[in-house]
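S.K.: Fold the following.
(chains A and B)
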Amino acid sequence: MKSTQLVSSIQENIARVIKGKSRVIELTVVSLLARGHLLLEDVPGVGKTTLAHSLARSLDCSFKRIQFTSDLLPSDIVGVSIFNRQKQGFEFVPGPIFANIVLADEINRTTPKTQSSLLEAMSEAQISVDNQTYPLHQPFMVIATQNPAEYHGTFPLPESQLDRFLMRVQIGYPSPEEERKVLERPQSLHPAEALQPVATAQDVLALQQQVDDVLMEDSLMEYLLAIILATRQSDLLSLGVSTRGALALSRAAKALAFVRGRAYCLPDDIKELAPAVLSHRIMVSRSQGLRHRSFEQSEQIIQDLVESVPVPV
Amino acid sequence: MPFNQALRLSSVLLAAAAFIGLALGTSLPEWLLLLTGISLIVTLLRALGVDRLRHVLDRIRLSTTAWNILTVMAFAGFWIDLVWISADLLAAGVHFLMILMVIKLFNLDQRRDYLHLYAISLMAILGSAASTTDLWYLPVFLAYLLMGVWTLLLYQLTKESDAGDRPPSLSKESATIPRGRQQITPELFWLANGLAVGALCLTVLIFFTIPRVSAGFGQKGSGEGLRTSGFSETVDLGMIGPIKRDPGIVMRVELPDRTGLQMDRFYLRGMAYDRYDGKSWTTRLSHRRALAESPAGTFTVRQVSSRSPRPLGQIIRQTILLEALDTAVLFAAPYPESISGQFLAIQSDPTGAIYLPFPASARLEYTVHSRPTPVAPADLQFQPAVYTEVFAQHFLQLPESSERVRALAQEITRSKASAYEKAQAIESYLAKNFRYSLDIPPGMQTRPLEEFLFERKTGYCEHYATAMVVLLRNVGVPARLVTGFLATEWNEYGNYYLVRQRDAHAWVEVHLPNSGWVTMDPTPAISETVGDSQWFAVSRVIDTLRLRWNRFFVQYNAADQLAVVRGLKEGTTVVRDRAWSSLSSLLAPAGDFAGKLLSRVVEGNVRLTVGFLSFIALGLGLVIWLVQRKPWNRWRSSGTSQCEHAVIAQIYRNVLQQIARYGIVKAEHTTPREFLLVVGNQWAAAGESVSTITELYCRGRFGKAILTQQEIDLAYHSLRQLTLLDPPSR
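M.R.: A predicted model of the protein is given here:
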């Protein structure tokens, strides 16, 4: 099967469950193909878990869900070594992180210690327990969620850690018609369970490989770097985008081009993804008079910055 | 064609253009011509990539030291040449330059060698410019200009790519430009040629606006004018004979008021002689007076009032372009009344001849108003004439001539009463009974006139005229001998007479009591068939072009510039008319020629028809072949997409310009696809074309895809569609 068809069939499969959210689905697939992790920031009950679940189902991948609470320990995520009497030695029992798709629900509810253990695993794609290194499954993707409405008893992720997520996406409420379709569905079975896999983990790895080959023309590279530079020079921001952020945007743009059936990037790819990829990596300056970070505001700032950068002709 | 090869080729061609300029403009020795010519051909072939030649050349390659020694030897040779051989800085310099060029041609390895070659060729073309004002310089210079633009462009391009691709310290082996993208694309091709045309236009502008000194320095044959004879104070009988075979051009005479009119015999009067001593003619009336100048630039030769009792002829206006001669005489149709030109002073003697104070060293142009003297009706009858003693002394003077001559004169004029009748009788007697021939044995005869009249009975104009003057004087009619030119070669394309050395002529002026001096010519008209063949027509066309070149470029001076500026002031219509008329006068000869050729064809000359038709067929075939095969496509690179990128990017920019005209402007931060949406919203009709081009543009520009010819054509087609659309409704 051709890779483009494969990608679109994955999207279609997920779209059977998540109604009317084709953009979110596309961004999810982009994250997957760019070997990135996704941060969903939204209120509960809009389908964050379902999205992650249906993605895993569609890919015929293993899926684990970790509910983050304040008493969650790092070992609850990565696993623990237990003494085995028969073998007279410690035996490593892998934690829920050993899966292809991991849903880290309400990641800001747990302590920074636990958060950082997850984030380390995310960036290294391996974990170390008792001087032993264990590689994680491939493909590996963490979909973390965070509830922006509640702040009591949370430990907000610092920017340095947010940087490890490729994108931050809001799902948002579905339109009334789409919501109606959700209601009309039979309730007996979780909708994601009914999905048939359309691709294998091997397919995903092959697709990721192909994304690397997508061409980004030199002038587009310049364009991308100009955008990154603009965030660093802007008066509105006290912290601009890191080099990792630039890398993320380039990878994401390539993946988006690939998802849209192109072997080369367009300025549109970069422009379109910039808010999603960059907005969580910046710190809005205090002079803007904000007490807390606002999703919409930072996206708007990135949007405005992108509009100020000339597109190569 | 890759850049480095193109650079080599254009450099050699540049040198070749400069060499042709020098070879045509100065007189180079044959061995040098041959040496340089062969070197140019060999290097040209090598630049064209004849591989076998390259191997041979590499094998016989001399070492750098050997070349250096050769250069030093050439320099030594230059000094020897300067001091002993040619003893002229320009000539020696040119010889040295040629040898340097040959040495450099075989040593085009490093970039500085190219620079040296350019410097040499620049000096060569300057040298040829200094030594000529001829028409052929124009094509040579144009070729030089074109090649110069190409060469410098390619030089810069290869230099930049060199600088980008390698550290400067690498050896000369890597100095060759890296293969790959550097190909001559159609854009580059047209850009370079466009630049050349632009440069030429600029040059023309400068030519017409910036003041300059006319005439080339060190012009060919400067200082010594064309050698001619018969225009000094003494003319030996038989002096004109030798030059009657010389086809060198002496002057061109335009008759601006009489376009299309062709007179059979057009006399250009030089000097008149009054004294004949039996062997040679002398003028005793050579004391000259300066002519009055009024208005500036116009000199009055003689005042003829309309109340004069003598009949007045029709005024003939002539514009004469006189080559540099070794005489100071200015020629004009008889009898000049006023002369205008760029003269400081003009002199005249009592016989009506006009002179410059000294012989001109360069070609000069002047306009003369002349009025021929018709025979007054009163002179047809016998009129008693009394001449003053001084007059008789001059114009009735006779050498110690024999009785035979006197008897012959009386015999011929026996039944004639009036002076005019007598003159006519002698004129027709000479014309009928004598044979025209240039084959007169040279050497001094003791009595040339008697020999002509009674023994040989063959001779040429001088003999005829001398005989007539002597015969007339024998019967008491005052007469004098006149030398000048008899123009017969009419150039119908330029409406002028072409006067050559061989048109030198001698004739007679007879004094009639009522009319004054009247021109008569006893020499029979020579039925010279200066062929009416097509080749002569071609040569006449070329000569016309040469005249125009001289008129509009070489002789173009400050006064003409002033005229242009004044014309600009007066209004553009005048300028346009003037420009149009000069243009059409330049082109008219060619058009005329084509018309004549066509009429010949129609007249039914079968061979000519076949030739003409096959020529047209050949031309058409060539055009079709060019269009079909598109040989210029070979210049396109294969396996590189650079040019397609440039093409599609250019098309896209054109689209943006097109649309911007309707106020739909692409903001800097708008991506092509976003802009497509904008266009779709504001100008729905254009959506499809813009969409096609945007798609191709994105693919070619950002995808670096190699677009096929069909896709490029499609893009062009869409662009055309766009221009045909109605503007968007607001």
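S.K.: and the closest residue to chain A within the stretch 501-650 of chain B, helix, strand or coil?
M.R.: In the stretch 501-650 of chain B, the residue that lies nearest chain A is residue B:649 (7.4 Å; CB to the nearest CB). Yep, even glycine has a C-beta here, placed from its N, CA and C like the rest. Look at residue B:649: counting by DSSP: H, G, I helix; E, B strand; the rest coil, its state is helix.
S.K.: Next: residue B:517.
M.R.: Following three-state DSSP, we place residue B:517 in the strand state.
S.K.: what's around it, how many residues?
M.R.: Here the number of neighbours of residue B:517 (other CB atoms under 10 Å in any protein chain shown) works out to 21.
S.K.: List the single closest residue to whatever residue of the stretch 151-300 of chain A ends up closest to chain B in space, sequence neighbours excluded.
M.R.: In the stretch 151-300 of chain A, the residue that lies nearest chain B is residue A:264 (3.6 Å; CB to the nearest CB). Distances taken as CB to CB, 6 or more residues apart in numbering or on different chains place residue B:703 nearest to residue A:264, at 3.6 Å, with adjacent residues excluded.
S.K.: Pretty sure that neighbour sits against residue A:262.
M.R.: Yes - counting by CB atoms under 8 Å, residue A:262 is a contact partner of residue B:703 at 7.2 Å.
S.K.: Check the contact between residue A:118 and residue A:104; I expect there is one.
M.R.: Yes - Residue A:118 is within contact range of residue A:104, at 6.1 Å (criterion: CB under 8 Å).
S.K.: Overlap of the contact sets of the two?
M.R.: Taking CB atoms under 8 Å, 6 or more residues apart in numbering or on different chains as the criterion, residue A:118 and residue A:104 both touch A:142, A:144.
S.K.: Just the CA coordinates for stretch A:165-181, please, in CSV.
M.R.: Taking Å, rounded to 0.1, in the frame of the first residue of the first chain, the C-alpha atoms of stretch A:165-181 are listed here in CSV:
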residue,chain,number,x,y,z
PHE,A,165,6.4,17.9,23.5
LEU,A,166,6.4,18.3,19.8
MET,A,167,3.0,20.1,19.8
ARG,A,168,0.4,21.3,22.1
VAL,A,169,-3.1,20.9,20.8
GLN,A,170,-6.6,21.8,21.9
ILE,A,171,-9.4,19.5,21.0
GLY,A,172,-12.3,21.7,21.8
TYR,A,173,-16.0,20.8,21.9
PRO,A,174,-17.5,19.3,18.9
SER,A,175,-20.2,21.1,16.9
PRO,A,176,-23.8,20.2,17.9
GLU,A,177,-24.3,18.0,14.8
GLU,A,178,-21.1,16.1,15.5
GLU,A,179,-22.0,15.8,19.1
ARG,A,180,-25.4,14.4,18.1
LYS,A,181,-23.7,11.7,16.1
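S.K.: Which positions within it qualify as buried?
M.R.: A:165-171, A:174 (16 or more other CB atoms under 10 Å in any protein chain shown).
S.K.: same thing with stretch B:389-408?
M.R.: B:394-397, B:401, B:405-406, B:408.
S.K.: The host helix or strand of residue B:99: what's the following helix or strand?
M.R.: According to DSSP states H and E, residue B:99 maps onto helix B:89-105. Using DSSP H and E, the helix or strand that follows helix B:89-105 towards the C-terminus is helix B:111-130.
S.K.: Please see if whichever helix or strand comes after that following helix touches chain A.
M.R.: Using DSSP H and E, the helix or strand that follows helix B:111-130 in sequence is helix B:137-165. No - Helix B:137-165 is not in contact with chain A by CB under 8 Å from any CB of the partner chain; minimum separation 13.9 Å.
S.K.: For helix B:137-165, which helices and strands make contact with it?
M.R.: Counting contacts by 3 or more CB pairs under 8 Å, 6 or more residues apart in numbering or on different chains; DSSP states H and E, helix B:137-165 is packed against helix B:3-25, helix B:111-130, helix B:186-209.
S.K.: re earlier: ok, the residue nearest to residue A:264 - contacts?
M.R.: Applying CB under 8 Å, 6+ apart, we find residue B:703 in contact with A:215, A:217, A:262-264.
S.K.: so can I have a markdown table of the residues you listed showing secondary structure?
M.R.: Formatted as a markdown table, the contacts of residue B:703 follow (three-state DSSP):
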| residue | secondary structure |
| --- | --- |
| A:215 | strand |
| A:217 | coil |
| A:262 | coil |
| A:263 | coil |
| A:264 | strand |
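S.K.: what distance separates the start and the end of stretch A:233-246?
M.R.: Terminal residues of stretch A:233-246 lie 15 Å apart, using CA to CA, to the nearest Å.
S.K.: which parts of that stretch are buried?
M.R.: For stretch A:233-246, by 16+ other CB under 10 Å, it's A:234, A:236-237, A:240-242, A:245-246.
S.K.: Name the residues that touch it?
M.R.: With CB under 8 Å, 6+ apart, stretch A:233-246 has contacts from A:159, A:163-164, A:224-225, A:228, A:231-232, A:249, A:277-278, A:281-288, A:301, A:305.
S.K.: Now list the buried members of the residues you listed.
M.R.: So, by 16+ other CB under 10 Å, the buried ones in these are A:163-164, A:224, A:228, A:231, A:249, A:277-278, A:281-282, A:284, A:301, A:305.
S.K.: Confidence-wise, which of these comes last?
M.R.: Within the buried ones among the contacts of stretch A:233-246, residue A:284 has the lowest pLDDT, namely 82.
S.K.: Bridge partners for it, pull those for me.
M.R.: With DSSP bridges as the criterion, residue A:284 is bridged to residue A:237.
S.K.: got the contact list for the residue nearest the centre of chain A?
M.R.: Nearest residue to the geometric centre of chain A (CA atoms, centre = their mean): residue A:38, 0.9 Å. When contacts are counted by CB under 8 Å, 6+ apart, residue A:38 is found next to A:27-28, A:31, A:141-144, A:165-169.
S.K.: List, one by one, the residues from chain A near chain B.
M.R.: Close to chain B, as judged by CB under 8 Å from any CB, chain A has residues A:215, A:217, A:219-220, A:262-268, A:271, A:306-311, A:313.
S.K.: what's the average pLDDT for stretch A:120-132?
M.R.: Stretch A:120-132 carries an average pLDDT of 83.
S.K.: Tell me the buried residues in that stretch?
M.R.: Buried residues in stretch A:120-132 (16+ other CB under 10 Å): A:120-122, A:127, A:129.
S.K.: Could you export the helices and strands packed on helix B:137-165 as JSON lines, including mean neighbour count, mean pLDDT and distance to chain A?
M.R.: Conversion of the helices and strands packed on helix B:137-165 to JSON lines gives the following (neighbours: other CB atoms under 10 Å in any protein chain shown; pLDDT from 0 to 100; distance: least, CB to the nearest CB, whole Å):
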{"stretch": "helix B:3-25", "mean neighbour count": "24", "mean pLDDT": "85", "distance to chain A": "21"}
{"stretch": "helix B:111-130", "mean neighbour count": "19", "mean pLDDT": "84", "distance to chain A": "28"}
{"stretch": "helix B:186-209", "mean neighbour count": "13", "mean pLDDT": "78", "distance to chain A": "17"}
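S.K.: For residue A:211, find the nearest of the ones you listed.
M.R.: Nearest to residue A:211 among those is helix B:186-209 (34.9 Å), distances taken as CB to CB.
S.K.: Please name the strands paired to the helix or strand following the closest one in the sheet, noting orientation.
M.R.: Downstream of helix B:186-209, the next assigned helix or strand under DSSP H and E is strand B:234-236. Partners of strand B:234-236 in the sheet, by DSSP bridges, are strand B:280-282 (antiparallel).
S.K.: what lines up beside the helix or strand that the partner strand is followed by in the sheet?
M.R.: From strand B:280-282 onward toward the C-terminus, using DSSP H and E, the following helix or strand is strand B:289-290. If you go by DSSP bridges, strand B:289-290 pairs up with strand B:347-348 (antiparallel).
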